[in-house]
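Engineer: curious how this folds, go ahead:
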Amino acid sequence: MSGSFSLPSLIANAAVLAVALPLLLPSSVGVVMVHGGACNLFQGRWEVNSEFNSSSSTLAAAYSSSDCPFIDPEFDCIKHGRPDTQFLKYSWRPDSCDLPRLDGVELLRRWSGKKIMFVGDSLSLNQWQSLACILHASADPHSHFTFTRQFPLTSLTFQEYGVTLLLYRSPYLVDITRESIGRVLNLNSIQQGNAWKGMDMLVFNTWHWWTHKGNDQGWDYIRDGSAISKDMNRLQAFYKGLSTWAIWVDANIDPATTSVFFQGISPTHYQGKDWNSVSKNCNGEQEPVLGSTYPGGTPPEVEIVNKVLSKMEKPVFLLDITILSQLRKDAHPSAYSGDHGGVDCSHWCLPGLPDTWNQLLYAALVM
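Structural biologist: Below you'll find the predicted structure:
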């Protein structure tokens, strides 16, 4: 990819923008204000939760996978034979403040009459199903919900609360069109964005599919302006596509009526050397990386996200989940995924890490 990105300079540039648009500050450095001080929700470490029962290896989680009707087999690790539950005993501890426990009842009250939409790939699905399970477990057991799933839209409404939780599948955020030459990834087009309008909150995600090649690739050609090619540098393509999304947000979102979040880059664990291990991948891992730094370093796609967000006019809160998720090499479905062949070190068990992502989302709303 042409050019280079310096993370310190990106943060510095974002801080300058934050003077004019204060809500942009969290999108660059993950800071919220707590009792007059600053807290970075995303700098910290994983600690054993005091509620974990070591004798039974169980945790009083927000929900049980067996009681939640929304979890896909690929995320239901315990049902599909994972022998340990050690991955459930850890809680995220920010260095500079206490993270509030996610109160599902409060969230249902806060979101009464509102529509919350997640837009992205299967990592968005991972987080959406976690939140759906949390709200389902929190709702009055006598309340009702409606659930529909018709590609590309999934909708869940908690009727007594008037809360609608939606998921729109869009792995690249930009459009893929079927043309005479095949499937074309259009780096400059978001016609599907009409389906995202009118929401009270939007949570976007993309990256996972930008690296896929061969049979797993979701397109045959890339269109960049008037140029069509069989392929291009994937980081450069990601930057161009994400920049198109940023333009769409700036042109179509009114911050007075719609809050926008971006789910940060969710890492994979297919190379044991990334955490200084002889392991081939995440399979068999039962503990997080200790401390607050990841030996494998920051992926370049993270700097692209920061660069794009720093240039936006409208406020976007970055759920900066990358480092805290990098530390969780133990939290993947690995060999215990119902719908995923081989070893899955990309997605996350439910219950599990995405519950923390939603706890951080809740913290950003209430702190």
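Engineer: pLDDT below threshold where in the stretch 201-350 of the chain?
Structural biologist: Low-confidence segments of the stretch 201-350 of the chain (pLDDT under 70): none present.
Engineer: let me see the contact set for Glu287.
Structural biologist: Gln86, Asp330 (Cβ atoms under 8 Å, 6 or more residues apart in numbering). For glycine as for every other residue, the C-beta is placed from the backbone atoms N, C-alpha and C.
Engineer: how close does it sit to Gln86?
Structural biologist: The span separating Glu287 from Gln86 equals 7 Å under the rule Cβ to Cβ, to the nearest Å.
Engineer: overlap in contacts of the two?
Structural biologist: In contact with both Glu287 and Gln86: Asp330, using Cβ under 8 Å, 6+ apart.
Engineer: check the burial of the nearest residue to Thr211 once chain neighbours are set aside by counting its neighbours.
Structural biologist: For Thr211, the nearest residue in space outside its immediate sequence neighbours is Arg234; the separation is 5.8 Å by Cβ to Cβ, 6 or more residues apart in numbering. Arg234 has 16 neighbouring residues, counting by other Cβ atoms under 10 Å.
Engineer: with Phe151 instead?
Structural biologist: Number of residues near Phe151 (other Cβ under 10 Å) recorded here: 7.
Engineer: mind listing what the residue nearest to it when sequence neighbours are not counted touches?
Structural biologist: What sits nearest to Phe151 in space, not counting adjacent residues and going by Cβ to Cβ, 6+ apart, is Arg169, at 6.6 Å. When contacts are counted by Cβ under 8 Å, 6+ apart, Arg169 touches Gly120, Asp121, Ser124, Leu125, Phe151, Pro152, Leu153, Thr154.
Engineer: distance of the fourth one relative to Tyr362?
Structural biologist: Leu125 sits 19 Å away from Tyr362, taking Cβ to Cβ as the criterion.
Engineer: circling back to that earlier point, and the pLDDT for the residue nearest to Phe151?
Structural biologist: At Arg169 the predicted local distance difference test score is 98.
Engineer: again, but for Phe158
Structural biologist: 98.
Engineer: the residue positioned nearest the centre of the chain: what's it in contact with?
Structural biologist: Averaging the C-alpha coordinates of the chain gives a centre point, and the residue nearest to it by Cα atoms, centre = their mean is Gln263 (3.8 Å). Residues in contact with Gln263, defined by Cβ under 8 Å, 6+ apart, are Phe118, Gly120, Leu123, Ser124, Gln127, Val203, Phe204, Asn205, Leu319, Ile321, Trp357.
Engineer: can you give me the strands for the stretch 101-250 of the chain?
Structural biologist: Using DSSP state E, counting those that start in this stretch, the strands found in the stretch 101-250 of the chain span residues 115-120, 145-150, 153-158, 163-169, 175-179, 182-186, 201-204, 221-224, 227-229.
Engineer: closest one to Ala246 among those strands?
Structural biologist: strand 201-204 (10.0 Å; Cβ to Cβ).
Engineer: now do the closest one: everything it contacts.
Structural biologist: 111, 114-120, 124, 127, 173, 196, 245, 253, 258-263, 319, 361.
Engineer: cool, and stretch 133-152?
Structural biologist: Counting by Cβ under 8 Å, 6+ apart, residues outside stretch 133-152 touching it are 62-65, 67-71, 102-105, 107-108, 154-161, 163, 165, 168-170, 192, 350-351, 355, 358.
Engineer: the same query, at a cut-off of 6 Å, please.
Structural biologist: Outside stretch 133-152, the residues within contact range by Cβ atoms under 6 Å, 6 or more residues apart in numbering are 62-63, 68, 70, 104-105, 155-160, 168-169.
Engineer: can you check stretch 336-354 too?
Structural biologist: If you take Cβ under 6 Å, 6+ apart as the criterion, stretch 336-354 is touched by 61, 71, 73-75, 77, 80-82, 126-127, 130, 268-270, 281-283, 328, 331-335.
Engineer: dump stretch 186-204 to CSV, restricted to CA.
Structural biologist: Listed in CSV are the C-alpha atoms of stretch 186-204, where the atom choice follows Å, rounded to 0.1, in the frame of the first residue of the first chain:
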residue,chain,number,x,y,z
ASN,A,186,-17.7,-1.1,-5.6
LEU,A,187,-15.3,0.9,-3.4
ASN,A,188,-17.2,4.1,-4.0
SER,A,189,-20.8,3.1,-3.6
ILE,A,190,-23.2,2.5,-0.6
GLN,A,191,-26.7,2.2,-2.2
GLN,A,192,-27.7,-0.3,0.6
GLY,A,193,-27.3,2.6,3.1
ASN,A,194,-31.0,3.5,2.6
ALA,A,195,-31.8,0.6,4.9
TRP,A,196,-29.6,2.1,7.7
LYS,A,197,-31.5,5.4,7.9
GLY,A,198,-34.0,6.2,10.6
MET,A,199,-32.2,4.3,13.4
ASP,A,200,-31.6,5.7,16.8
MET,A,201,-28.2,4.0,17.1
LEU,A,202,-25.9,2.4,14.5
VAL,A,203,-23.0,0.1,15.3
PHE,A,204,-20.8,-0.6,12.2
